[in-house]
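Quick check, what structure comes out for this input:
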Amino acid sequence: MELQRDLVILGESVERVYGYFANERLLVNRKYQRKLVWTVEEKKSFVDSILNGFPVPLILMAEVTHEEKRRFEIVDGMQRLNAIVAFIEGEFDFEGAYFDLNTMAESKLRLDEGLLIQKEPFLNRETCTKIASYTLPLSFYSFEGAGKIDEIFRRINSNGRYLSRQEIRQAGATAQFSQLVRDLSSSIRGDMSHTDKLLLNNMKEISITNRNLPYGINVDTIFWVSQGILRRENVRSSRDEEIVADILAYMALTPKPRSSSNVLDDYYGIGEDDTKSEDIEIAIKKIGSERLHTQFLAVFEELRNILSHSSKPFHKLISQEAESRLPRHFQVIFLALYELLVNKNMRPASRLYIVEKLDGIGRHISIGEGGGNWSAKNRQDNVNSISGILQSAFVPRDIDDPALNSWSVELENILMQSFTEQALYDFKVGLHRLDSTEAFDTEAALKILKTLTAMANHGPGNVGYVILGVADGEAHAKQHESFYKTKPIQFRKFFITGIDAEASKHNRGLDGYLQRISQILSTAPVNDTTKKQIARDMRMIQYFDKSLLILQAKANDEPSMFDGKFYERHGTNNVEIPVEQYGNLFKRFFR
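Predicted coordinates for the structure are as follows:
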């Protein structure tokens, strides 16, 4: 492998590296840096190494251009960098005391600007200065192509000391199969991001943590852990992605494949059999990547709904078998539901009845003693057996459409993605004022359309969302609850109110609500192309017992105007683009 000979190895102080972070110069590529998973204990241990002056491993960066700015893409060392930043910003203490933000110019500036809060008690200045001046070993590369970054990442981690087998498989992989595994696994964990490339500043919002912190995802709430299918450390090592990959291969391939670690290597093109990676790519093309994605999430959502009717988590409901067998038991149950819901086009007659049938059903699953190698015949026999047992709890679907609705999971993913790309997401509780007038807020409706045009001006390939039925804060949710006497559903930091009560009270139901919005859209000061796109992609969805309206913004062939002006999103605000910047705006569309 030939590299451009722009290699710089040097030492940078913690203070200098924090400056890179504060100025948004540290970039994470989630093609190979999927999760922030260090526990608080591990972060404290790293800080302890710094305080003791111990040497730490080399941090590898690649100089890249991202969003027209030169940045440093973290190839190796994301967890270490995050640990340093998290400690400086007071996310955890060291021996009961916090970093003194007045120690460094950049942290003091952020403190003065109200971006950080000084927690007490804080460490003495001498200790803080020792941390700030500690020299981190950094290596900077300049690459000619992104593929070389992927190759470097694979090579430095190929001995498995830092990454699990699955993380090495996924590192830099760009085939349809690997992308589906990434996307679906993130959907289930809840750590989806709008794009693969994120600033390190935004990663903490989708980090997986072992503490009940005011950000990120508590590992105990992730489906795999809360249902007792995997342990915390299994999620950290991406065992969940191996399960998803195994299920996808079964869904896509005929005849049905066996399951083993070596077969997974083959699917990713790093094993001994090159034909398997070609076979699975062809199979995915035949079915359609988007269709497989939809079907997988639809089956998962149905399984999650079924489990919500049980008083027991999956591992206690299904089986008292050894913990090591639970991932395979999960696959059997999932694929049995896939056969019924998708291949046989059926729907549940009663979820409570399905729960009754699932109770103790593990005694009918015989995995065998194949060790890490699960035969195709054994897996298929188990799937057929369990689908036969469950079938009496299902009835034929009214319409012949196996591409089932999976919007509940996708809504949760949209909500999580808003943490890392605020400019492309906006949430409104509704369109009627929550005051004595109860008037329809035409100005707010037009502002939504202005927001959609501003989102569209983000550039080709981006999709923006405005969702009606989600409160923009707990106070607004309580106001809505008091006004309409309906309790919101909380998901993470979000409060889902729905628009049902508003539509029923003021618009004779959801159809009247949609008609009112369509009337506003038809007379809005936006061009016909934008109007048609918004109308075409407008969707009413159901989240438990709440109805929500999703409006989407997609870029056209050229920038979108609202009332004769161009706008763009700065965070959650719509900002008019001055005439002298029109050239830069149009470059986004015609580069």
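
you'd agree residue 194 is up against residue 417?
Yes - counting by CB atoms under 8 Å, residue 194 sits close enough to residue 417 to count as a contact (4.6 Å). No exception for glycine: its C-beta is placed from N, CA and C like everyone else's.

Helices of the stretch 151-300 of the chain, residue ranges please.
Under the criterion DSSP state H, counting those that start in this stretch, the stretch 151-300 of the chain contains helices at 165-170, 176-189, 200-203, 223-226, 232-236, 239-252, 261-267, 274-287, 289-308.

What of the stretch 401-550 of the chain?
Using DSSP H, counting those that start in this stretch, helices in the stretch 401-550 of the chain cover 407-417, 442-456, 474-484, 500-506, 510-523, 528-537.

As CSV, those helices with mean neighbour count and distance to residue 397 would be great.
Putting the helices of the stretch 401-550 of the chain into CSV (neighbours: other CB atoms under 10 Å; distance: least, CB to CB, whole Å) gives the following:
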stretch, mean neighbour count, distance to residue 397
helix 407-417, 20, 17
helix 442-456, 21, 34
helix 474-484, 16, 34
helix 500-506, 19, 25
helix 510-523, 15, 23
helix 528-537, 15, 25
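
Tell me which of these lies nearest to residue 91.
Closest of the helices of the stretch 401-550 of the chain to residue 91 is helix 407-417, at 19.5 Å (criterion: CB to CB).

So what touches the closest one?
186-188, 190-194, 206, 297, 300-301, 304, 425, 465, 467, 470, 491-492, 494, 539, 541-544, 548, 550 (CB atoms under 8 Å, 6 or more residues apart in numbering).

all strands of the stretch 301-450 of the chain, in order?
With DSSP state E, counting those that start in this stretch as the criterion, the stretch 301-450 of the chain has strands at 346-348, 394-396, 425-428.

So which residues make contact with the second one?
Contact with strand 394-396 is made by 340-341, 344-349, 354, as judged by CB under 8 Å, 6+ apart.

So which bits of stretch 539-558 are buried?
540-541, 543, 546-556 (16 or more other CB atoms under 10 Å).

hmm, back to that, which of the helices of the stretch 151-300 of the chain sits closest to residue 22?
Here helix 200-203 is closest among the helices of the stretch 151-300 of the chain (CB to CB), at 8.3 Å.

Tell me where the model's unsure across the protein.
1-8, 33-34, 143-162, 172, 212-213, 320-324, 369-371, 399-407, 591 (pLDDT under 70).

Does the residue lying farthest from the centre of it lie in a helix or a strand, and which?
Going by CA atoms, centre = their mean, the residue of the chain most distant from its centre is residue 126, 40.4 Å out. Here residue 126 sits within helix 125-133, counting by DSSP states H and E.

which parts of that helix are buried?
Buried, per 16+ other CB under 10 Å, within helix 125-133: 127-128, 130-132.

Dump the C-alpha coordinates for that helix into CSV.
Coordinates of the C-alpha atoms in helix 125-133 are reproduced here as CSV (Å, rounded to 0.1, in the frame of the first residue of the first chain):
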residue,chain,number,x,y,z
ARG,A,125,-4.3,24.1,40.1
GLU,A,126,-0.9,22.2,40.2
THR,A,127,-2.7,18.9,39.3
CYS,A,128,-4.8,20.5,36.6
THR,A,129,-1.7,22.1,35.0
LYS,A,130,0.0,18.7,35.1
ILE,A,131,-2.9,17.3,33.1
ALA,A,132,-3.1,20.2,30.7
SER,A,133,0.6,20.0,29.9
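
just checking, what packs against that helix?
helix 14-22, helix 40-51 (3 or more CB pairs under 8 Å, 6 or more residues apart in numbering; DSSP states H and E).

among the ones you listed, which is the most enclosed?
Sort the helices and strands packed on helix 125-133 by mean neighbour count, taking mean count of other CB atoms under 10 Å, and helix 14-22 sits at the top with a mean of 20.

need the contact list for the residue nearest to residue 246 when sequence neighbours are not counted.
Once flanking residues are discounted, residue 246 sits nearest to residue 259: 4.9 Å by CB to CB, 6 or more residues apart in numbering. By CB under 8 Å, 6+ apart, residue 259 lies in contact with 246, 249, 331, 373-374, 376, 379.

circling back: among the helices of the stretch 401-550 of the chain, which is nearest residue 23?
Comparing the helices of the stretch 401-550 of the chain by CB to CB, helix 407-417 comes nearest, at 24.0 Å.

so what are the domain limits for the protein?
7-161, 217-396, 421-590 (automatic domain parsing).

Please compute how far the last one lies from its chain's middle.
Read that as domain 421-590. 22 Å (CA atoms, centre = their mean, to the nearest Å).

Relative to residue 549, how far out is the closest residue to residue 124 other than its chain neighbours?
Leaving out its chain neighbours, the residue that sits closest to residue 124 by CB to CB, 6+ apart is residue 100, at 7.8 Å. Relative to residue 549, residue 100 is positioned 48 Å away (CB to CB, to the nearest Å).

Would you mind measuring from the residue nearest to the spatial centre of the chain to residue 533?
The centre of the chain sits closest to residue 192, judged by CA atoms, centre = their mean, with a distance of 0.8 Å. Applying CB to CB, the value for residue 192 to residue 533 is 24 Å.

Please apply the same query to residue 234.
Taking CB to CB, one finds residue 234 at 43 Å from residue 533.

Redo the strands of the stretch 301-450 of the chain as TSV? Include mean neighbour count and distance to residue 41.
Below are the strands of the stretch 301-450 of the chain laid out as TSV (neighbours: other CB under 10 Å; distance: least, CB to CB, whole Å):
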stretch	mean neighbour count	distance to residue 41
strand 346-348	18	43
strand 394-396	14	46
strand 425-428	23	33
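
out of those, nearest to residue 222?
That would be strand 425-428 among the strands of the stretch 301-450 of the chain, by CB to CB, at 22.1 Å.

other SSEs contacting that closest one?
helix 442-456, strand 463-468, strand 470-471.

gap between the closest residue in space to residue 500 that isn't next to it in sequence and residue 225?
Excluding its sequence neighbours, the residue lying closest to residue 500 (CB to CB, 6+ apart) is residue 547, at 5.0 Å. Going from residue 547 to residue 225 by CB to CB gives 31 Å.

cool, residue 462 as well?
For residue 462 relative to residue 225 (CB to CB), the value is 33 Å.

what sits against residue 189?
Residue 189 touches 35, 208, 217, 222-224, 235, 240, counting by CB under 8 Å, 6+ apart.

coming back round to it: and the helices and strands packed on helix 125-133 as TSV, adding distance to residue 316?
Below are the helices and strands packed on helix 125-133 laid out as TSV (distance: least, CB to CB, whole Å):
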stretch	distance to residue 316
helix 14-22	43
helix 40-51	29
